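Student: Mind folding the following:
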Amino acid sequence: MEHTGLSTAVERHVVPGDVVHLGLGHSRWTAAARELVRQWWGRDPGFTLVMLSLSSLGALFFRGGLVRKVITAYSGDSFPTYTPNPIFQQAYASGVIEVEHWSILTYVQRLEAAARGLPAMTTGSLRGSSMAANADYAEIESPFGPVGLLAPLTPDVALVHGVVADHAGNVAFNPPLLEGVWGALAARRGAIVTVERVVDDLSPWAERVLLPAHRVLAIVEAPFGAHPGGVFARGLPTDGYGEDVEFWVGARDAGRGDFDAWAKTWCLDITTHDEYLARVGRERLEWLRARTDPLSWQADADACPIDEDAPVTPWERAATWGARELVDRIDATGAHAVLAGAGVANLAAWVGVDTARTRGHATELTAELGLWGYHPTPADPYIFNQRSFPAASRLSDASNILGQVIGGQGNTVIGCLGAAQVDRHGNINSTLVPGGPFLVGSGGANDVATRANECVIVTLARPDRLLDQVGFVTSPGDRVQAVVTDVGILRRRDGDLRLAAVGAGSEPLAERVRHAAAGCGWDVAVERVVAELAPPTRAEVTALRRYDPRGLFLGR
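Tutor: Numbers count the residues shown, from 1 in each chain. Presented below is the predicted three-dimensional model:
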């Protein structure tokens, strides 16, 4: 293990043809990744990139010609909303870059298998999805019943950002950790680690040391080394900082414009980490430090007050009815938790759980990042908002949430998911349209859909969203109870979705039923008795807008 600068660490320890793992916890980037791009841009090193969520900055590897293959669970933008990224779409459609699609949990489990030196890892995910055709997944009959098996995934080298390291090279991390450090432990040669600070002695924080020195190739002290990601540093001897959302949005926008010019400004023309921080600016960095204050949301709320008089949008109708549906399902099941997918489904879950708790339920919110019992802050609809970390009941990782909380002994969990497309059987497609565009990938949706006790989907009723049959099954529909839309609710019975409820209105019920049925891409069956859904109340809509006052997900 050596202490060195970014340039030297990357130059010495990454070689052409490597399988490069970029580790993601709640800090979703590392300065070492930026340096890797700078050194190899345009040189065709033929890397395989192992990166759980590419987000907007993953496009640097694509545009720079660094990678020939990607192994991932999500290929899209995350800010300001979850959307397809045109650079990824073009690369996959042209075949220039090969992609393997996995769910969050199976991606992590493959790294864990390699780190543990095991020939395979068992999983409860993927069965019934199109990803079950992946060559590194198999279903077998064992003496104990049918088992899904995952092959190990072994990177050559890992790039990771920790919080603090000691001079020996031991590295401390803070939860929530998403994929944890399995990739660094699995890497053949080891990990290049950037940290906020190097200290003499980590023994007072030994329980946070997850990566031992002998698995570390190089330690680089790089304050703000996760930027534009944030660092939750509570309890460790350094200061944290919040996510730089505006920077992420800038990268996202560049992907729809002159991305190469953006890359030149923020990567290629910068030779040291100090230069990078100077370009970000001291004032901006100090502001990001202040974003770790759990009450900093108040300034955001003041800057964008709720417009209580704006007309109700289609997404707000769907979210309101979705929240009510969740309350009903919590009443029926006594669910311990609701795991929310990203976007409008997330907002519906937040409001639904808030409502259920006022009725005496102890239902918690949970998220695959490693959050249990978290309380979202107003004026920020992002599901992994770091200001919600300090008040969470428990912080862990995806292996715990998706691999044990969801589907584990003694747990009743409802999944609330969004969907680009849903078919008449409840199957979800968020990956690709055959012959059409690439979408984003599974994320944790497959793990939730295959393991939760039941699922509620929140989407819009459009024939291009509600299909007779999806062309790619990201998540099987076996556990889907209801699909809540902006015009009504479809409930699954005997394997098929049926129209069970429509919005109340002045038109005859039959006309409203016909209108709702027209939003389906198949001849949907209609229940004999169709319920009528009361319009969203002012209080319900305000509750949603309190989280998303700018209408990023809810629309305007």
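
Student: Break down the stretch 301-450 of the chain into its strands, ranges please.
Tutor: Here the stretch 301-450 of the chain has its strands, by DSSP state E, counting those that start in this stretch, at 337-340, 364-367, 371-372, 394-395, 413-417, 421-423, 428-429.

Student: Quickly list the domain ranges of this structure.
Tutor: 2-105+154-290, 117-150, 314-547 (automatic domain parsing).

Student: Nearest approach to Glu308 belongs to which of those?
Tutor: Closest to Glu308 of those, according to Cβ to Cβ: domain 314-547, at 5.5 Å. Using the backbone N, CA and C atoms, a C-beta is placed for each residue, glycine as well.

Student: average pLDDT across that closest one?
Tutor: Taken as a whole, domain 314-547 carries a mean pLDDT of 97.

Student: try stretch 219-233
Tutor: For stretch 219-233, the mean per-residue pLDDT is 98.

Student: so how far is stretch 76-86 off the chain centroid?
Tutor: Taking the mean of its C-alpha atoms, stretch 76-86 sits 11 Å from the chain's own mean (Cα atoms, centre = their mean, to the nearest Å).

Student: And it, end to end?
Tutor: Using Cα to Cα, to the nearest Å, one end of stretch 76-86 lies 9 Å from the other.

Student: In that stretch, which residues are buried?
Tutor: Using 16 or more other Cβ atoms under 10 Å as the test for burial, stretch 76-86 gives Gly76, Asp77, Ser78, Phe79, Pro80, Thr81, Tyr82, Thr83, Pro84, Asn85.

Student: ditto for stretch 10-17
Tutor: Across stretch 10-17, burial judged by 16+ other Cβ under 10 Å covers Val10, His13, Val14.

Student: want to throw the residues you listed into JSON lines with pLDDT?
Tutor: JSON lines is the format used below for the buried residues of stretch 10-17 (pLDDT from 0 to 100):
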{"residue": "Val10", "pLDDT": "98"}
{"residue": "His13", "pLDDT": "98"}
{"residue": "Val14", "pLDDT": "99"}
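
Student: Please identify which of these is nearest to Arg38.
Tutor: Nearest to Arg38 among these: Val10, at 8.5 Å, using Cβ to Cβ.

Student: list the contacts for that closest one?
Tutor: Contacts for Val10 (Cβ atoms under 8 Å, 6 or more residues apart in numbering) come out as Ala32, Glu35, Leu36, Gln39, Ile192.

Student: hey, what's Leu497 bridged with?
Tutor: Following DSSP bridges, Leu497 is listed with bridge partners Arg492.

Student: how about it, what does it touch?
Tutor: By Cβ under 8 Å, 6+ apart, the neighbours of Leu497 are Val422, Arg424, His425, Gly426, Val480, Val483, Leu490, Arg491, Val524.

Student: now, which of those sits nearest Pro437?
Tutor: For the contacts of Leu497, the nearest to Pro437 is Val422 (17.2 Å; Cβ to Cβ).

Student: Surely that closest one is in contact with Thr459?
Tutor: Yes. Shown here, Val422 and Thr459 form a contact pair, counting by Cβ atoms under 8 Å, at 6.3 Å.

Student: Check the contact lists of the two and give me the overlap.
Tutor: With Cβ under 8 Å, 6+ apart as the test, Val422 and Thr459 both reach Arg465, Leu466, Val483.

Student: Which positions in the longest helix along the chain come out as buried?
Tutor: In the chain, assigned by DSSP state H, the helix with the most residues is helix 314-333. For helix 314-333, a neighbour-count test (16+ other Cβ under 10 Å) marks 314-327, 329-330 as buried.

Student: same thing with stretch 89-101?
Tutor: Gln89, Ala91, Tyr92, Ile97, Val99, Glu100, His101.

Student: and those, which of them are in strands?
Tutor: Counting by DSSP state E, the part of the buried residues of stretch 89-101 found in strands is Val99, Glu100, His101.

Student: Any idea how far apart the tips of stretch 172-183 sit?
Tutor: Here the two ends of stretch 172-183 are set 15 Å apart, with distance taken as Cα to Cα.

Student: still on that earlier bit, mind putting the buried residues of stretch 76-86 in CSV, distance to Asp354 included?
Tutor: Below are those laid out as CSV (distance: Cβ to Cβ, whole Å):
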residue, distance to Asp354
Gly76, 28
Asp77, 28
Ser78, 24
Phe79, 24
Pro80, 23
Thr81, 22
Tyr82, 22
Thr83, 27
Pro84, 31
Asn85, 32
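
Student: nearest to Val160, of those?
Tutor: Ser78 (19.4 Å).

Student: how about the ones in strands among the buried residues of stretch 89-101 in JSON lines, adding pLDDT?
Tutor: Shown next, in JSON lines, are these (pLDDT from 0 to 100):
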{"residue": "Val99", "pLDDT": "98"}
{"residue": "Glu100", "pLDDT": "98"}
{"residue": "His101", "pLDDT": "98"}
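
Student: Just give me the closest of the residues you listed to Arg556.
Tutor: Nearest to Arg556, judged by Cβ to Cβ, of those is His101 at 33.0 Å.

Student: before we move on, the earlier item: what is the nearest of the buried residues of helix 314-333 to Ala340?
Tutor: Leu326 (9.3 Å).

Student: Would you confirm that the closest one contacts Ala356?
Tutor: Yes. If you go by Cβ under 8 Å, Leu326 and Ala356 touch, sitting 7.2 Å apart.

Student: could you list every residue that touches the nearest residue to Arg208 once chain neighbours are set aside?
Tutor: Leaving out its chain neighbours, the residue that sits closest to Arg208 by Cβ to Cβ, 6 or more residues apart in numbering is Ala172, at 4.0 Å. Contacts were defined as Cβ under 8 Å, 6+ apart; by that measure Ala172 touches Gly162, Val163, Val164, Ala165, Leu202, Trp205, Arg208, Val209, Leu210, Leu236.

Student: how does it look with 10 Å?
Tutor: 162-166, 195, 197, 199, 202, 205-211, 233, 235-238 (Cβ atoms under 10 Å, 6 or more residues apart in numbering).

Student: Any chance of a markdown table for the domains of the chain, columns distance to Cys304?
Tutor: Compiled in a markdown table, the domains of the chain are given as follows (distance: least, Cβ to Cβ, whole Å):
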| stretch | distance to Cys304 |
| --- | --- |
| domain 2-105+154-290 | 12 |
| domain 117-150 | 38 |
| domain 314-547 | 7 |
